[in-house]
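**Student:** Take a look and give me a structure for this.
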Amino acid sequence: MFDVSFSELVVIGLVALIVIGPERLPKVARTAGLLLGRLQRYVSDVKADINREMQLDELKKMQEQIADHARAMESSLSDEMHAVHESLNQSIAPPDMEAQAQPPTADLQPDQAANQASNAPVNQMELGLDRGAEKTKA
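**Tutor:** Numbering: from 1, shown residues only. Have a look, this model is predicted:
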């Protein structure tokens with residue numbers, strides 16, 4: 001930005017020596033050096049802060065992109081699971097609605113359920129449950 005050659009530095013040094021004087025020139029040069037060092041540190045800190053903020057913004061954008069991709073993947077997976085669930089329900093469901101209306105008898109095969117229903121009076125007689133019914137009739 002500023003191009004200062006050696007000859008220009010010599011001219012600045014001579015003018016400073018004449019204006020400030022030989023007694024105070026070392027003290028002023030030391031103070032100017034300290035102030036210049038502080039200025040450089042301040043500029044480098046500001047640059048580092050700006051770089052951190054830019055990286056943080058990039059990370060936030062990347063996080064949002066990943067979250068969007070995750071949501072899209074979740075919704076597509078949910079849609080696929082719903083489609084598979086519906087497909088399985090349709091393939092398992094019986095074709096007529098009457099079969100769905102009558103629940104099966106406690107994990108029995110259809111032959112066993114029919115036999116058990118026809119043997120109900122016999123089973124009651126074996127247990128002696130029908131005696132109370134005969135006494136109430138008499």
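**Student:** what residues go with each domain of the chain?
**Tutor:** For the chain, the structural domains run 6-93, 105-138, going by automatic domain parsing.
**Student:** any idea which of the ones you listed scores lowest on pLDDT?
**Tutor:** Set side by side, these show their lowest mean pLDDT on domain 105-138, which sits at a mean of 52.
**Student:** picking up where we left off before, can I get the domains of the chain in TSV with mean neighbour count?
**Tutor:** Every C-beta, even on glycine, is put in place using the N, C-alpha and C of the backbone. Conversion of the domains of the chain to TSV gives the following (neighbours: other CB atoms under 10 Å):
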stretch	mean neighbour count
domain 6-93	10
domain 105-138	10
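**Student:** Where is the longest helix in the chain?
**Tutor:** As assigned by DSSP state H, the longest helix anywhere in the chain is helix 25-92.
**Student:** For that helix, name the packing helices and strands.
**Tutor:** If contacts are counted by 3 or more CB pairs under 8 Å, 6 or more residues apart in numbering; DSSP states H and E, helix 25-92 sits against helix 6-20.
**Student:** residues making contact with the helix it packs on?
**Tutor:** Outside of helix 6-20, the residues that reach it under the criterion CB atoms under 8 Å, 6 or more residues apart in numbering are 25, 28.
**Student:** Output it as PDB, restricted to C-alpha atoms.
**Tutor:** Listed next in PDB are the C-alpha coordinates belonging to helix 6-20 (Å, rounded to 0.1, in the frame of the first residue of the first chain):
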ATOM      1  CA  PHE A   6      15.400   3.700   2.400                       C
ATOM      2  CA  SER A   7      16.200   7.200   1.200                       C
ATOM      3  CA  GLU A   8      12.700   8.400   2.400                       C
ATOM      4  CA  LEU A   9      13.300   6.800   5.800                       C
ATOM      5  CA  VAL A  10      16.600   8.600   6.100                       C
ATOM      6  CA  VAL A  11      14.900  12.000   5.300                       C
ATOM      7  CA  ILE A  12      12.100  11.200   7.900                       C
ATOM      8  CA  GLY A  13      14.800  10.300  10.500                       C
ATOM      9  CA  LEU A  14      16.800  13.600   9.900                       C
ATOM     10  CA  VAL A  15      13.600  15.700  10.200                       C
ATOM     11  CA  ALA A  16      12.700  14.000  13.400                       C
ATOM     12  CA  LEU A  17      16.200  14.500  14.800                       C
ATOM     13  CA  ILE A  18      16.100  18.200  14.000                       C
ATOM     14  CA  VAL A  19      12.500  18.700  15.300                       C
ATOM     15  CA  ILE A  20      12.500  16.500  18.300                       C
END
